[in-house]
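S.K.: Curious how this folds, go ahead:
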Amino acid sequence: MFQSIGDILELIVNQNWESFRHNVLSSPDIFRHLASAVSSCSQLNGMTLLHAIVKYDPPLEIVARMLNFVLICRLLQIASAGLLFTWPLGRELRRR
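M.R.: Residues are numbered from 1 along each chain as shown. The predicted structure is shown next:
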């Protein structure tokens, strides 16, 4: 896998999108772990993985897959908290 966040950023800077897809976007769990590591790295000043890739003109398929994983992770987080949201108001409801 990766030895450091620098390895992930190197894939992005080098625009090695196939390797990025294979290593970072292989599953929602791996994506969540790596995205969290990037976001919590103080040297990156709050930059997210999405911020990092859009600076280097990724294929739209990469961006779409990342956004899908963000949505999946968020829905799993909501479900594990026992919360439901109504559309479009976004009001929080608790399951009984």
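S.K.: going forward, measure contacts and count neighbours with C-alpha atoms only.
M.R.: Will do.
S.K.: Can you give me the distance of Leu67 to Gly82?
M.R.: 23 Å (Cα to Cα, to the nearest Å).
S.K.: Would you map the strands across the chain?
M.R.: Counting by DSSP state E, the chain has strands at residues 83-85, 92-94.
S.K.: Lowest mean pLDDT across those, which one is that?
M.R.: Lowest mean pLDDT within these: strand 92-94, a mean of 53.
S.K.: Give me the below-cutoff pLDDT ranges for the chain.
M.R.: Counting by pLDDT under 70, the chain has low-confidence residues at 1-3, 83-96.
S.K.: Need the CA coordinates for the longest helix seen in the chain. CSV is fine.
M.R.: Longest helix in the chain by number of residues, with DSSP state H as the criterion: helix 60-80. What follows is helix 60-80 as a C-alpha-only set of coordinates in CSV (Å, rounded to 0.1, in the frame of the first residue of the first chain):
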residue,chain,number,x,y,z
LEU,A,60,-14.2,13.1,-14.6
GLU,A,61,-14.7,9.4,-13.9
ILE,A,62,-12.2,9.7,-11.0
VAL,A,63,-14.0,12.7,-9.6
ALA,A,64,-17.4,11.0,-9.9
ARG,A,65,-16.2,7.9,-8.2
MET,A,66,-14.8,9.9,-5.3
LEU,A,67,-18.0,11.8,-4.9
ASN,A,68,-19.9,8.5,-4.9
PHE,A,69,-17.6,7.2,-2.2
VAL,A,70,-18.2,10.4,-0.2
LEU,A,71,-21.9,9.9,-0.5
ILE,A,72,-21.6,6.2,0.5
CYS,A,73,-19.5,7.0,3.5
ARG,A,74,-21.9,9.8,4.6
LEU,A,75,-24.9,7.5,4.3
LEU,A,76,-23.3,4.8,6.3
GLN,A,77,-22.4,7.3,9.0
ILE,A,78,-26.0,8.5,9.1
ALA,A,79,-27.4,5.0,9.1
SER,A,80,-25.0,3.9,11.9
